[in-house]
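**Student:** Test case, fold it:
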Amino acid sequence: MALIYCVEDDNGIRELITCALQSGGYTVEGFPNGRDFFHRLQKELPSLVLLDIMLPDLDGNAILKRLKAEEDTAVLPVIMLSAKSTEIDKVTSLENGADDYITKPFNPLEVVARVKAQLRRYRKYGAAPKEEERLDIGGLSICRQSHTCTLNGKPLCLTPTEFSILWILCQRRGSIVAAEELFQQVWSEKYL
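**Tutor:** Numbers count the residues shown, from 1 in each chain. The predicted model follows:
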């Protein structure tokens, strides 16, 4: 069973998310601030993090950058939850390493669906072990099931979304991949 951490200072929203995810079969732990979240993170890593941007002690993007900078949490899927809905807010979080961005108000069923999609990409959601698919291109080596990637023998830290994009592009090397096709394969949504 996947463990989800929800970092959200609004008790009502945190409880709504927790209830929706528990109904979906997940174990959920909620945190009202970054300090409590990082304290718990030292004891156990989750399968995914839902992260608000506007928190009382730390900015969500600062937390995100810290997660992506640490070796143990660099590939941990992170979905941002925020009332900030401008394009620049979304782009900033995605560039900082977020795997998805959901604006408030949101439908709890959509949150559950997006969590499932990220966990599928991360290969922790109900995936049976398979023979390792591997691509070697020059000094680049990519292992699909373990989500590992090295360049000239040095590990690369990629988010699940970055890994998916790299895998598709390397798999189709020498061919043009339309943006619409790439979007649909990576995010499993229709390109608008």
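
**Student:** chain center to the least confident helix or strand in the chain by mean pLDDT, what's the gap?
**Tutor:** The helix or strand with the lowest mean pLDDT-type score in the chain, counting by mean pLDDT, DSSP states H and E, is helix 179-187 (a mean of 81). When distances are taken as C-alpha atoms, centre = their mean, to the nearest Å, helix 179-187 is centred 16 Å away from the chain's centroid.

**Student:** any idea which helix or strand comes after the top helix by length along the chain?
**Tutor:** Among the segments of the chain that qualify as a helix by DSSP state H, the longest is helix 108-122. Going down the chain from helix 108-122, the next helix or strand is strand 134-137, by DSSP states H and E.

**Student:** so what secondary structure elements neighbour that next one?
**Tutor:** Contacting strand 134-137 under the criterion 3 or more C-beta pairs under 8 Å, 6 or more residues apart in numbering; DSSP states H and E are the following elements: strand 140-143, helix 160-171. Placement of C-beta: from N, CA and C, glycine included.

**Student:** could the ones you listed go into CSV alongside mean pLDDT?
**Tutor:** CSV is the format used below for these (pLDDT from 0 to 100):
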stretch, mean pLDDT
strand 140-143, 88
helix 160-171, 88
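
**Student:** Including distance to Lys116 and mean neighbour count, could these go into JSON lines?
**Tutor:** Written out in JSON lines, the entries for those read as follows (distance: least, C-beta to C-beta, whole Å; neighbours: other C-beta atoms under 10 Å):
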{"stretch": "strand 140-143", "distance to Lys116": "23", "mean neighbour count": "17"}
{"stretch": "helix 160-171", "distance to Lys116": "13", "mean neighbour count": "17"}
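
**Student:** Quick one, which of those gets closest to Asp57.
**Tutor:** Comparison of the helices and strands packed on strand 134-137 against Asp57 by C-beta to C-beta identifies helix 160-171 as nearest, at 27.0 Å.

**Student:** Low-confidence stretches in this structure?
**Tutor:** Residues of the chain meeting the criterion pLDDT under 70: 1, 123-132, 189-192.

**Student:** Give me the most central residue, it.
**Tutor:** For the chain, the residue lying nearest the average C-alpha position, counting by C-alpha atoms, centre = their mean, turns out to be Pro77 (2.4 Å).

**Student:** Next, the contact list for that one, please.
**Tutor:** When contacts are counted by C-beta atoms under 8 Å, 6 or more residues apart in numbering, Pro77 touches 47-49, 99, 118-119, 121-122, 159-160.
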